[in-house]
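Participant: I would like to see how this sequence folds:
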Amino acid sequence: MLHARFDAALATSALALATLIAAAPGADAQATNLNVTFSNGAQGWSINGQNQVAATGGNPGANLPWNDPIDTFGLAVRNSVSPAFLGDFTLKGPVRLGIDVEVDYINFFFSPVSRDLVVILYDDDPFGLAAPAAVWTTLGTLDGNGQPWTTYTAEITDPLSPALPAGWNGAGAEDPVTFEPILPPGRNWANVLRGIDRIEFTTLVPGFFYGFTNFDLQVDNVQVRARPAATWTNLGASLDGANGAPFLTASGDLSAGSLNTLILSNAAPGAFGALAWSGSSSPVPFAGGTLVPFPFNDPIYVTTNTDGGAFLPFVMPLGVPPGAPIYAQFAVLDLAAPENVALSNAAVGVAP
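Facilitator: As a prediction, the model looks like this:
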């Protein structure tokens with residue numbers, strides 16, 4: 001009965017897939033947690049050199065405002081002295097950078113204009129024979145018509161990887177064909193993050209030019225926070241097939257909007273299978289083994305490659321409550337299995 005139910009459920013499947021990012025650094029990494037609320041002064045932060053704090057009007061309380069009517073090409077919320085935001089990010093581990101911004105207006109020749117907000121991390125020193133460099137990513141858009149307090153964040157998930165993560169870019173050199181900013185030769189994501197000398201949340205996007213613009217806005221809650229470590233646990237319950245036990249590995253921290261991945265290996269090559277996944281677990285007998293994610297949601301189809309592997313990246317949706325579990329287990333058609341179905345080990349991840 002259960003076997004038939006599972007086969008029927010395989011008839012439908014829905015999951016939006018996305019690109020995988022690399023695994024997190026080791027347990028010895030130590031992140032610094034700091035939220036600058038400006039109630040104790042600017043703490044090294046300034047906007048285009050202005051560091052006068054306002055006592056009221058923030059999110060809440062004190063804040064760092066810019067309401068100078070002078071024309072400027074853009075605004076840069078900058079810090080080059082606070083150790084929490086600088087130094088060797090490979091020792092901080094996975095972190096989230098954030099800032100709150102309220103906009104009264106942004107005008108270009110007396111008309112409202114929106115501006116992208118980016119965060120840039122600069123290594124102002126050479127790395128061996130390689131030139132100084134920076135890495136940056138777009139956080140979102142500031143509405144020139146005005147906007148309420150809005151939080152913008154950026155994720156540094158694996159500071160030890162040499163490859164630029166999806167959504168991050170390099171600067172310090174110029175592509176000779178497109179003229180876009182790129183990392184200089186010899187620089188990569190990890191060796192830039194080893195020596196951050198300054199950080200900017202800015203409307204001055206690398207590679208772009210701007211005309212004189214008027215800004216009236218304020219910022220608050222500039223922060224760096226440790227990202228939760230990955231919380232996947234192997235629950236066992238595999239069932240052997242032609243190559244022995246199929247193996248499921250999982251990575252990603254399951255935070256809202258994060259990219260995670262499930263990888264199947266050691267299964268029968270070129271075989272049809274499915275991922276059973278659920279927010280709860282009441283294990284039941286299945287195909288001579290044990291199905292851990294039960295009752296399950298619509299399964300996700302896979303066909304293993306010539307090595308008996310499959311790869312499933314996914315984006316964690318918004319609104320999942322902290323502590324919510326996700327159970328996963330692969331079932332793969334395999335004539336060498338007791339009932340022609342081999343099972344991987346089950347795994348559970350917990351949303352932070």
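
Participant: what's the domain layout of this protein?
Facilitator: 2-22+230-350, 34-226 (automatic domain parsing).

Participant: how about JSON lines for the ones you listed, with mean neighbour count and mean pLDDT added?
Facilitator: All C-beta atoms are positioned from the backbone trio N, CA, C, and that covers glycine. Below are those laid out as JSON lines (neighbours: other Cβ atoms under 10 Å; pLDDT from 0 to 100):
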{"stretch": "domain 2-22+230-350", "mean neighbour count": "18", "mean pLDDT": "83"}
{"stretch": "domain 34-226", "mean neighbour count": "17", "mean pLDDT": "95"}
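
Participant: just say helix, strand or coil for G44.
Facilitator: coil (DSSP: H, G, I helix; E, B strand; the rest coil).

Participant: pretty sure it is touching V77, no?
Facilitator: No: using Cβ atoms under 8 Å as the test, G44 is too far from V77 to be in contact (11.0 Å).

Participant: any shared contact partners between the two?
Facilitator: Overlap of the contact sets of G44 and V77 (by Cβ atoms under 8 Å, 6 or more residues apart in numbering) is empty.

Participant: can you tell me the SS state at A84?
Facilitator: Classified using three-state DSSP, A84 is helix.

Participant: so how far is V224 from it?
Facilitator: Note on A84: its distance to V224, by Cβ to Cβ, to the nearest Å, is 5 Å.

Participant: could you do N169 as well?
Facilitator: From N169 to V224 the distance is 20 Å (Cβ to Cβ).

Participant: all the strands of the stretch 51-200 of the chain, residue numbers only.
Facilitator: Secondary structure of the stretch 51-200 of the chain (DSSP state E, counting those that start in this stretch): strands at 54-58, 61-66, 76-79, 95-108, 111-112, 115-123, 133-142, 147-156, 168-171, 173-174, 181-182, 198-202.

Participant: do you know which of the ones you listed lies nearest A310?
Facilitator: strand 147-156 (26.1 Å; Cβ to Cβ).

Participant: distance from that closest one to the middle of the chain?
Facilitator: 14 Å (Cα atoms, centre = their mean, to the nearest Å).

Participant: what's it in contact with?
Facilitator: Contacts with strand 147-156, where a contact means Cβ under 8 Å, 6+ apart, come from 59, 89, 92, 94-103, 117, 119, 137, 139-140, 165, 193, 201, 220-221, 227, 258.

Participant: how does it look with 7 Å?
Facilitator: The contact list for strand 147-156 (Cβ atoms under 7 Å, 6 or more residues apart in numbering) reads 59, 89, 94-103, 117, 119, 137, 139-140, 227.
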